[in-house]
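[1] coords please:
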Amino acid sequence: MEKKTIIKNLALLVMSTGCTGPVMASSFQTWQQDAASIGNYHAGRAAIADDASTNFYNAAGLVRIHNQQLLFGGTPTTSDVRFHGTVAVNTLGTGPQAVTAQGGTFNFLPYAHYAAPLADNLVFGLSLFTPFNSYTNYGLTSNVQYAATQSSIRVIDLAPSLGFAYNDKVAVGFGLDLEHARGEFDYSITSATPGSNTLTKNTGTSYGYGFHVGALYSASENTRIGLNFLSKVEHHLHGGSSNFSGPLANNGSGGIQYTNGLKANVTLPATTTLSIFHTFNPAWDVMGTVIYSYWNVFHQLILQNVAGISGGVSNNSIIVTMPENYHSTWNYAVGANYHINEKWFVRAGAGYDQTPSNNTYRNLQFPDSNQVAVALGAHFQATETLGVDVGWTHQFAQNVRVNNLSQALGDQITTTNGSITASTDVYGLGLKWDIV
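    As a prediction, the model looks like this:
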């Protein structure tokens, strides 16, 4: 079977379990790829290396896995994204209209990580997870639909890796990131005629390839430092579809106006992660993480060959440009574990996440802002080989502005002005199975 077919089938399996949602973390980047990390807000994850999920956080940590291990679970997410302000549409001729719209959702993100020792100093890892995701849906009941209805970017990553122990203090890891991306950006087009709303639905898929490298230094039996780098990945969405359906399609005769030539290019940022983990005594662990994301590669999102109306007639080659002008960002996380006994320990964490967006270019498709996060979690060792993790992270988003942002889709120009309030709750449930 071809590599692309394998990746696509795995991606469809993951996406069929549930939709992705706006976790609101550094725009549409997701940090937590297992239930345990949700309980610490991913603090120390590139250095902890205590289960197979280290394949994502730092493949060098695989050398600490001494038997086959399977880690799997999911992260239910609830988000509240509200826009309050005005929307003006030139084709309506009515001027700005006051609106309130909610674009948050409930969603579920599954994950799976596997590790298998190949030799005393060499361990193989394989992970399936979602490193980037965003999904907002403002519906069709307000004028916000002329700026955005449903918008999403979803990336599924299949990551094979190797971890190699150079000696008892230094380990390195490296691997590939084989990604499948799906994007959707929908709008409503209207005119001054009542009942003329016509929906343009634009979807496309892509495959992209990147790599990751990491190092783990064990300063002592109780202290570890991890450094990890994930490369940027370029996605070229080709052969997508643009479906313009409703009264205005086909020069006003209605029906469906369709093209399968939709194109879009998206560059996802590289990240560098530095973590430290320290055990004070049998009861307490402390940890921290700093992440730098190179979001300055995300300048704009351009959709080509969109179906709609341009120059007063039907057109299947409209270009829609969404300026983003992101800047690179920092994320900080600190956390602690308290070991109650041999079977139970609890986690806590907190952090700050910087947005790459800004008031000049922020749009309703990616309503991101600076955030403060708090987290709680627990681990229960049910048997010698089976452990259970639960976690919860709440993200408080700073209120932000959309300042008279104008977006053109053919003849229609929509100007949005107002404020966005948001919050997100991320839950985690996972099982760790040591196959011995």
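
[2] going forward, measure contacts and count neighbours with C-alpha atoms only.
    Noted.

[3] how many other residues sit next to residue 399?
    14 (other C-alpha atoms under 10 Å).

[4] Now do the same contact list for it.
    369, 419, 420, 421, 422 (C-alpha atoms under 8 Å, 6 or more residues apart in numbering).

[5] Check residue 417 too.
    Per C-alpha under 8 Å, 6+ apart, neighbours of residue 417: 85, 86, 87, 401, 402, 403, 404, 405.

[6] For residue 309, see how far away the closest residue to residue 92 other than its chain neighbours is.
    Leaving out its chain neighbours, the residue that sits closest to residue 92 by C-alpha to C-alpha, 6 or more residues apart in numbering is residue 192, at 4.6 Å. In this view, residue 192 and residue 309 are 14 Å apart by C-alpha to C-alpha, to the nearest Å.

[7] Just want to know which of these two has more residues nearby.
    With neighbours defined as other C-alpha under 10 Å, residue 192 and residue 309 compare such that residue 309 has more, 23 against 13.

[8] I'd say the more buried one and residue 408 touch.
    No: look at residue 309 against residue 408 with C-alpha atoms under 8 Å: they stay out of range, at 11.1 Å.

[9] Neighbours of residue 166, how many?
    Around residue 166 there are 12 residues (other C-alpha under 10 Å).

[10] Contact partners for it?
    Residue 166 neighbours (C-alpha under 8 Å, 6+ apart): 121, 172.

[11] Quick check: bridge partners of residue 73?
    Note on residue 73: beta-bridge partners by DSSP bridges are residue 111, residue 430.

[12] For the remainder of this discussion, apply numbering that starts at 19.
    Sure, I'll start numbering at 19, so the last one becomes residue 91.

[13] how about it, what does it touch?
    Residue 91 neighbours (C-alpha under 8 Å, 6+ apart): 52, 53, 128, 129, 130, 446, 447, 448, 449.

[14] of these, closest to residue 299?
    Relative to residue 299, the closest of the contacts of residue 91 is residue 53; by C-alpha to C-alpha it sits at 24.0 Å.

[15] For residue 56, grab phi and psi.
    phi -60, psi -40 (degrees, to the nearest 10).

[16] now swap in the one 10 residues further on and tell me
    Listed backbone geometry of residue 66 is phi -60, psi -50, with angles given as degrees, to the nearest 10.

[17] try residue 161
    Residue torsions, per degrees, to the nearest 10, at residue 161 are phi -70, psi -10.

[18] ok, now the one 5 residues further on?
    For residue 166, the backbone dihedrals (degrees, to the nearest 10) come out as phi -170, psi 140.

[19] Likewise for residue 79?
    The phi/psi pair for residue 79 (degrees, to the nearest 10) is phi -70, psi -10.

[20] just checking, it touches residue 63?
    No: here residue 79 lies out of contact with residue 63, judged by C-alpha under 8 Å, at a distance of 9.7 Å.

[21] State the helix or strand in which residue 189 lies.
    strand 188-207 (DSSP states H and E).

[22] Report the mean confidence score over the helix or strand that that strand is followed by.
    Next along the chain after strand 188-207, taking DSSP H and E as the criterion, comes strand 216-238. In this model, strand 216-238 carries a mean pLDDT of 96.

[23] And the residue nearest to residue 63 when sequence neighbours are not counted, how close does it get to residue 290?
    Take residue 63 and drop its neighbours on the chain: the residue closest to it by C-alpha to C-alpha, 6+ apart is residue 75, 6.0 Å away. Distance of residue 75 to residue 290, computed by C-alpha to C-alpha: 10 Å.

[24] which neighbours do those two share?
    By C-alpha under 8 Å, 6+ apart, the residues touching both residue 75 and residue 290 are residue 246.

[25] Between these two, which has more neighbouring residues?
    With neighbours defined as other C-alpha under 10 Å, residue 75 and residue 290 compare such that residue 75 has more, 29 against 18.

[26] Phi and psi next, for that one.
    phi -70, psi -40.

[27] go on, residue 45?
    phi 60, psi -120.

[28] cool, and residue 108?
    Dihedral angles for residue 108 - degrees, to the nearest 10 - are phi -60, psi -30.

[29] Report the contact partners of residue 392.
    59, 366, 367, 368, 369, 411, 412, 413.
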